[in-house]
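K.L.:
Just to be clear, the model below is a prediction. Sequence and coordinates:
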Amino acid sequence: MFLATGAVAAVGAASVLWPLVDQMNPDAGTLALSSIEVDLSPIAEGQIVTVKWRGGPVFVRHRTRKEITTAEATPLSDLRDPQTDQARVQKPEWLVVVGICTHLGCVPLGHEGQYDGWKCPCHGSVYDTSGRIRQGPAPLNLAVPEYKFLTPTRVKIG
Amino acid sequence: MDGHSTYVPKSGIARWFEQRLPIAGLVHSSFVAYPTPRNLNYFWTFGAILSVMLGIQIVTGVILAMHYVPDSKLAFVSIEHIMRDVNYGWLMRYLHTNGASFFFLAVYMHIFRGIYYGSYKAPREVLWILGVIIYVLMMATAFMGYVLPWGQMSYAGATVITNLFTAIPLVGTPIAHWLWGGYAVGDPTLNRFFSLHYLLPFMIVGVVVLHVWALHVAGQNNPDGVDVKDVKRDTVPFTPYATVKDGFGVCVFLVIYAWFVFFIPNYLLSADNYNLANPLVTPAHIVPEWYLLPFYAILRAIPNKLIGVLALASAMGLLVFLPWLDTSPVRSGKYRPMFRFFFWLFVICCIGLGYLGSQEVSDSTTLLARILTIGYFGFLLVALPVLGLVEKTKPVPASIADAVLPKGAAAAE
């Protein structure tokens, strides 16, 4: 009898506490902005565009042939966080990466650093044209978000 | 009631802690071993109910404050955001608005219990006064909370109540400007009301602590109004008897509360408050929330601005003097038949005034409101002092045990 009462009381307590906790989770408005669509047609070759996704920057880079070849040719042993370029892109001319430095969260600057990728002004991390970490304190490559091509010129991120 | 705690710590760690901060002993002596009169009825559960409601209001209020924006352009919209977008936001909001109403329902039951059974009489005068202070703080908190949604009724209510201060000669208008932070209710008013609305409940918690402390010094009153004479015969330990009885009272109360929250959440609210505040248009029919209606009726009944405001203030302020206005040596209304008659007339006055406060002003409502206002003040200023001197009371039982235990048991124990 005590066990049954205790079980019901536990379920009751959990059902009271859950809304009090869940109200702090992202609300419907935030969830609605959890995916965005980006039109790729105005982005010129060699250009990097920054879009806002889930409150932070995402870099969409229209890569040149030279940038693609350099990225693909990099030996994995040169990389702190080894990943092939092919594993990081769906179409080689479009690089989509989260623009947040994996060190402590600053936004790296595009077309900077010796690989002409990105360089983070905060503590000097250097990324290549595939967004992979090459120098500096950052431990990981720039994250690749979930995205898909709705059409060859329109991509949905998130 | 005082004396050494009977609490014995059970483990080494408990003993170590108890020597340094005897909080477990305090809780034990206040809420476990505490001798409680054995004849308390369910009207004594409202203290626990009030504590639970205060807790609910603070928890839901702090959560709402995570999502609400106290800016006149965004307040209304932020509440719709809470209702529609925030997970369980609708629940938090309805719990909070209905919680305020149920908080007042419980406080009125608690106050009328105190008046009927003479709980305000010596040695509980300070306990009573602390209670009146809590009541006034509750009304201030509720009033400011109602302004926050920035609906039509919020704005109108804020304007009317802050305008009361302009009745004070000379300094009234400067005081009103100081309260508003401008020449009318506006953004500065909203911001400071939000700050104070967040603050006041914690002041209420402080006064409640003093209130419970004062209670524990004198011990509870009881329906027979007879002091505890023999702790073993007249009382039972708080836990489990009062704990469980309070728990049951709380559960029944919460069921009714839940009925409102889940099935008729807007029943006690004014529909006009779902319209955004417009400083240039006042709604045709202004009403405060139901728990402020009796005072609103008294204010409207009096044709003079300053005297109306004074009547409003003294309707609340006179309550402080209740222990001295009542001259009867007999404590409980149970043994005072004439007092009982006037007490129920007083209750009818309060409910009647509440009803009239919700109605449009007309000749008949004004006349009736004036009669009931005279009844209200008459009870406090005439009936209470005079009754104690002229009424014939019934004989009071010798002790609590004699009042409720069967004859043999009372003698034998």
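P.N.:
In hand now; what should we look at?

K.L.:
Now do the contacts for the residue lying closest to B:V231 once chain neighbours are set aside.
P.N.:
Spatial nearest neighbour of B:V231, excluding adjacent residues (Cβ to Cβ, 6 or more residues apart in numbering or on different chains): B:P35 at 5.0 Å. From N, CA and C alone the C-beta is placed, and that goes for glycine too. For B:P35, the contact set (Cβ atoms under 8 Å, 6 or more residues apart in numbering or on different chains) comprises B:1, B:219, B:228, B:231, B:235-238.

K.L.:
same check, this time on A:R80
P.N.:
Going by Cβ under 8 Å, 6+ apart, the list of residues near A:R80 reads A:133-134, A:139.

K.L.:
please redo it, this time with the cut-off set to 10 Å
P.N.:
Going by Cβ atoms under 10 Å, 6 or more residues apart in numbering or on different chains, A:R80 touches A:132-136, A:138-141.

K.L.:
In space, what's closest to the residue in the stretch 201-350 of chain B that chain A sits nearest to - neighbours in sequence excluded?
P.N.:
Ranking the residues of the stretch 201-350 of chain B by distance to chain A (Cβ to the nearest Cβ) places B:L254 first, at 10.4 Å. Leaving aside its chain neighbours, B:L254 sits nearest to B:V52 (7.6 Å; criterion: Cβ to Cβ, 6+ apart).

K.L.:
does the most centrally placed residue in chain A have beta-bridge partners, and which?
P.N.:
Closest to where the C-alpha atoms of chain A average out (Cα atoms, centre = their mean) is A:V98, at 2.8 Å. For A:V98, the beta-bridge partners under DSSP bridges are A:V58.

K.L.:
which residues does it contact?
P.N.:
A:V98 neighbours (Cβ under 10 Å, 6+ apart): A:53-54, A:56-59, A:131, A:142-145, A:157.

K.L.:
Format these as JSON lines; extra columns: distance to B:L215.
P.N.:
Formatted as JSON lines, those follow (distance: Cβ to Cβ, whole Å):
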{"residue": "A:W53", "distance to B:L215": "58"}
{"residue": "A:R54", "distance to B:L215": "53"}
{"residue": "A:G56", "distance to B:L215": "55"}
{"residue": "A:P57", "distance to B:L215": "60"}
{"residue": "A:V58", "distance to B:L215": "62"}
{"residue": "A:F59", "distance to B:L215": "66"}
{"residue": "A:G131", "distance to B:L215": "68"}
{"residue": "A:L142", "distance to B:L215": "64"}
{"residue": "A:A143", "distance to B:L215": "60"}
{"residue": "A:V144", "distance to B:L215": "65"}
{"residue": "A:P145", "distance to B:L215": "61"}
{"residue": "A:I157", "distance to B:L215": "62"}
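
K.L.:
Any of these buried? List them.
P.N.:
Among those, those classed as buried by 16 or more other Cβ atoms under 10 Å in any protein chain shown are A:53, A:58-59, A:131, A:142, A:144, A:157.

K.L.:
Can you give me the pLDDT of residue 58?
P.N.:
By default, I'm working from chain A. On pLDDT, A:V58 comes in at 96.

K.L.:
wait, I meant chain B there
P.N.:
97.

K.L.:
do B:F346 as well
P.N.:
96.

K.L.:
That one: what secondary structure?
P.N.:
Secondary structure, DSSP: H, G, I helix; E, B strand; the rest coil: B:F346 is helix.

K.L.:
Which neighbouring residues are in contact with it, exactly?
P.N.:
B:F346 neighbours (Cβ under 10 Å, 6+ apart): B:112, B:115-116, B:375-376, B:378-380, B:383-384.

K.L.:
List the residues that contact A:E72.
P.N.:
Listed by Cβ under 10 Å, 6+ apart, the contact partners of A:E72 are A:84-86, A:89, A:92, A:129-130.

K.L.:
Just the closest of the contacts of B:F346 to chain A, please.
P.N.:
Minimum distance to chain A across those is 30.1 Å, recorded for B:F112 (Cβ to the nearest Cβ).
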